[in-house]
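> got a structure for you, letters missing:
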């Protein structure tokens, strides 16, 4: 269980996410100016030499349309996860990126490059939903319900769909989000019973 620390204020959480999003837009600009050379830093499916790119692929996109479609959910869902604490946000995001990337690497046909933040977005989505179940804290349950109402339709993206959409990364991210919520919040939901409330009976 991660030790509880003071979560970042909403303003700081928003600033962090805005800076990350701005960084992704700058990377796409550099990619366009370089003739899409940065796309080579995406995940190369079934290629062991391309596995390190699992860590860089979520921050790269296959064009402006791809980036624009991911920008708002990246900003909103990342912000909501970050409100529960920087350490948990970092750990959850790393778990999601690695598992989503490995799933995409393994299940995607060879000679394919996988790019984009959608695997991370799916992970944050299921993390927020599962966190409400594990923690049962009223605020987190409310967030889970709102996220389900607004972004619940994205869940269908874990199934094979149109060409050029990495449902494999979506599936891995969704699984990883639930796992991260279980690891980070299941124990936290078990509140210790104060010693004064524990009844003791002598044994005979």
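Everything's here; your move. Here the structure is a predicted model, which means the values were calculated and not measured.

> Need the residues that contact stretch 177-185.
For stretch 177-185, contacts defined as Cβ atoms under 8 Å, 6 or more residues apart in numbering pick out 1-2, 88, 91-92, 95-96, 99, 122-131, 133-135. C-beta here means a position set from N, CA and C on the backbone, and glycine is covered the same way.

> what is the mean pLDDT for that stretch?
Stretch 177-185 comes out with an average pLDDT of 93.

> all strands of the protein, in order?
Remark: strands assigned in the chain by DSSP state E are 43-44, 113-114.

> just to revisit the earlier point, of the contacts of stretch 177-185, select the buried ones using a PyMOL command.
In PyMOL, a selection of the buried entries from the contacts of stretch 177-185 looks like this (16 or more other Cβ atoms under 10 Å):
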select buried, resi 2+88+92+95+96+99+122+123+124+125+126+127+128+129+130+131+133+134+135
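
> Helix or strand with the lowest mean pLDDT in the chain?
Lowest on mean pLDDT, DSSP states H and E among the helices and strands of the chain sits helix 138-151, with a mean of 88.

> Identify all contacting residues around the longest helix that the chain contains.
Secondary structure of the chain per DSSP state H: the longest helix is helix 10-33. Outside helix 10-33, the residues that touch it by Cβ under 8 Å, 6+ apart are 7-8, 37-39, 59-61, 63-64, 67, 71, 74-75, 78-79, 82-83, 117.

> how about the helices in the protein?
10-33, 64-82, 86-107, 118-135, 138-151, 167-185.

> residues of the second one that come out buried?
This means helix 64-82. By 16+ other Cβ under 10 Å, the buried positions in helix 64-82 come out as 66-67, 70, 73-82.

> of the residues you listed, closest to residue 45?
residue 66 (17.5 Å; Cβ to Cβ).

> Contacts for stretch 138-145, please.
80, 84, 128-129, 131-133, 135.

> Please repeat the previous calculation with a cut-off of 7 Å.
For stretch 138-145, the external contacting residues (Cβ atoms under 7 Å, 6 or more residues apart in numbering) are 80, 128-129, 131-132.

> can you check stretch 42-62 too?
If you take Cβ under 7 Å, 6+ apart as the criterion, stretch 42-62 is touched by 24, 27-28, 31, 38-39, 41, 67, 70, 97-98, 101-102, 104-105, 108-110, 112-117, 119-120.

> Is it possible to mark the buried ones in those?
Among those, the ones that count as buried by 16+ other Cβ under 10 Å are 24, 27-28, 31, 38-39, 41, 67, 70, 97, 101-102, 104-105, 108, 112-117, 119-120.
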